[in-house]
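Undergrad: mind folding the following:
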Amino acid sequence: MDRSEFERLRDLPDKSIDEDVVLQRSRDMSPLLFAVVPIRNSAGVDARVRVELNEKTDSKTINVVISGIGPICRLDIDGKEHKDFGNSHKHSLKLSDCSHPSVNLSRKIEKRADLSGKDIKDVFTDFCQKANITHHGLFRVIP
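TA: The predicted structure is shown next:
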């Protein structure tokens, strides 16, 4: 996937998540709650969103992953501090040839301090709005 394909997918107006997003514990003692759900789209791309909440640190992460390619964007809120970008920021593909998304995600970072301190549902709602994704379902956190 190159940058122009990423932008076409990002800008599609008809993307949707057609199921409930239910964050659950990954294992008994872990502070991490997460859900992985498919993103339906007219391009037929096998895209999934992974939503994470670390109850111990209150950090939130939303990743979009393309099957066979890897991550194409990530939103980190109230998490690890990034020099010059703070602890709330968005990573996305930058280069026209994004053949190594895990490397490319470190090259295009935007501040998202406006989401600092927001709860995971508000962060998810903002993410969906900016990505042209309509969510048809419930959003729940099961501690």
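Undergrad: list the helices and strands the longest helix seen in the chain packs on?
TA: Within the chain, and with DSSP state H defining each element, the longest helix by residue count is helix 120-130. Judged by 3 or more Cβ pairs under 8 Å, 6 or more residues apart in numbering; DSSP states H and E, the packing partners of helix 120-130 are strand 47-54, strand 59-66, strand 70-77, strand 133-135, strand 139-141. For the C-beta atoms, the positions are set from N, CA and C on the backbone; glycine is no exception.
Undergrad: mean neighbour count, distance to residue 37 and mean pLDDT added to these, as TSV?
TA: Below are the helices and strands packed on helix 120-130 laid out as TSV (neighbours: other Cβ atoms under 10 Å; distance: least, Cβ to Cβ, whole Å; pLDDT from 0 to 100):
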stretch	mean neighbour count	distance to residue 37	mean pLDDT
strand 47-54	20	6	96
strand 59-66	20	11	93
strand 70-77	22	15	86
strand 133-135	19	9	96
strand 139-141	15	10	96
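Undergrad: dump those into a markdown table; add distance to residue 28 as well.
TA: Putting the helices and strands packed on helix 120-130 into a markdown table (distance: least, Cβ to Cβ, whole Å) gives the following:
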| stretch | distance to residue 28 |
| --- | --- |
| strand 47-54 | 15 |
| strand 59-66 | 20 |
| strand 70-77 | 25 |
| strand 133-135 | 29 |
| strand 139-141 | 17 |
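Undergrad: and the longest helix of the chain with strand 47-54, angle?
TA: 150 degrees (axes from the mean of the first three to the mean of the last three Cα atoms, to 10 degrees).
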